[in-house]
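**Student:** here are the coordinates; sequence isn't available:
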């Protein structure tokens, strides 16, 4: 964010957050007053909270898949039906019936 320009030449994705932080920092009596704007800007740059949340969701999904596996289903079947692994664009053929008749 040294130049303020993105790879395509326009504004960078975090430029608005940088402007908010810069404005707050210029008007503040103490830099600690701008902690929220700084956190927003850093999150935009590095996605640390987003990545941590994605890891937590994935860990919970795997934990539930292992729980279902103990109930009799194979882990691979649970993961194949899962939301994280598949986005649902390709539906699995259930019951052996073909849709193309």
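**Tutor:** Cool, got the structure. Since the model is a prediction, treat every value here as computed from it, not as a measurement.

**Student:** quick one: low-confidence parts of the chain?
**Tutor:** Scanning the chain with the threshold set as pLDDT under 70 gives 1-4, 71-101.

**Student:** Longest helix in it, please.
**Tutor:** Secondary structure of the chain per DSSP state H: the longest helix is helix 48-70.

**Student:** Counting neighbours, which bits of it end up buried?
**Tutor:** 61, 65, 68 (16 or more other Cβ atoms under 10 Å). C-beta: built from backbone N, CA, C; applies to glycine.

**Student:** Make a markdown table from those and add distance to residue 20 to it.
**Tutor:** Shown next, in a markdown table, are the buried residues of helix 48-70 (distance: Cβ to Cβ, whole Å):
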| residue | distance to residue 20 |
| --- | --- |
| 61 | 35 |
| 65 | 41 |
| 68 | 45 |
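
**Student:** Please name every helix or strand in contact with the longest helix of the chain.
**Tutor:** Under the contact criterion of 3 or more Cβ pairs under 8 Å, 6 or more residues apart in numbering; DSSP states H and E, helix 48-70 touches helix 35-46, helix 75-81.

**Student:** quick one: contacts for the nearest residue to residue 18 once chain neighbours are set aside?
**Tutor:** Spatial nearest neighbour of residue 18, excluding adjacent residues (Cβ to Cβ, 6 or more residues apart in numbering): residue 41 at 5.7 Å. Going by Cβ atoms under 8 Å, 6 or more residues apart in numbering, residue 41 touches 14, 17-18, 20-21.

**Student:** hmm, try it at 10 Å
**Tutor:** 1, 14-22, 34 (Cβ atoms under 10 Å, 6 or more residues apart in numbering).

**Student:** and what of residue 27?
**Tutor:** Neighbours of residue 27 in contact, by Cβ under 10 Å, 6+ apart: 33-34.

**Student:** before we move on, what about residue 33?
**Tutor:** Contacts of residue 33 (Cβ under 10 Å, 6+ apart): 24-25, 27.
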